[in-house]
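J.: Can you look at this prediction? I've put the sequence above it.
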Amino acid sequence: MDTLIQPAANYTSMSFEELTAHKKELDAAYQAKKTEAEAAFMERFRKEAAELGFDLGAIGSRKAAKARGKAAGEQSEPPVLYRHPETGEGWSGRGKPKKWAQAIIDKDVTAKKGTDEHKAQLAAAIKTFKIAYKVAA
């Protein structure tokens, strides 16, 4: 890569208007060189990919994502680990518990919130919930 370094201008002695003009000129030159470098890189990349037999059109496309098993940008739902026996509503166990799950857990916790006893009761209630409402594999 050719690097040509010109003598530094005395920016401290320039007016704001002169600095603005230099900045615009520099920004334009930078953007032009960046665009050239990106184009050259992409050309080299495409050529090398073609030599290796890659189909660049399939990379990142919906077709390629579907071939991998899901639509582009779509996340798969986590499996349901716990299910309400009456309503059939499910919860994966990730994140904040569903309202029905939280209600079942809270009914077994009687101690004042923030106390060690509350923490112990909550842990026991969660453990009991996980055993009682676990979906059979």
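T.: Cool, got the structure.
J.: Can you get me a residue count around residue 90?
T.: Using other Cβ atoms under 10 Å, residue 90 is surrounded by 18 other residues. (Glycine included, C-beta is placed from N, CA and C.)
J.: pretty sure it is in contact with residue 80, am I right?
T.: Yes - counting by Cβ atoms under 8 Å, residue 90 does reach residue 80; the two are 3.4 Å apart.
J.: overlap in contacts of these two?
T.: Here residue 90 and residue 80 share the contacting residues residue 135, scored by Cβ atoms under 8 Å, 6 or more residues apart in numbering.
J.: For the protein, which residues score under the pLDDT cut-off?
T.: Applying pLDDT under 70 to the chain flags residues 1-8, 58-75, 137.
J.: what about the helices in it?
T.: 16-52, 62-68, 99-106, 116-132 (DSSP state H).
J.: so how far is residue 23 from residue 39?
T.: Using Cβ to Cβ, to the nearest Å, residue 39 is found at 25 Å from residue 23.
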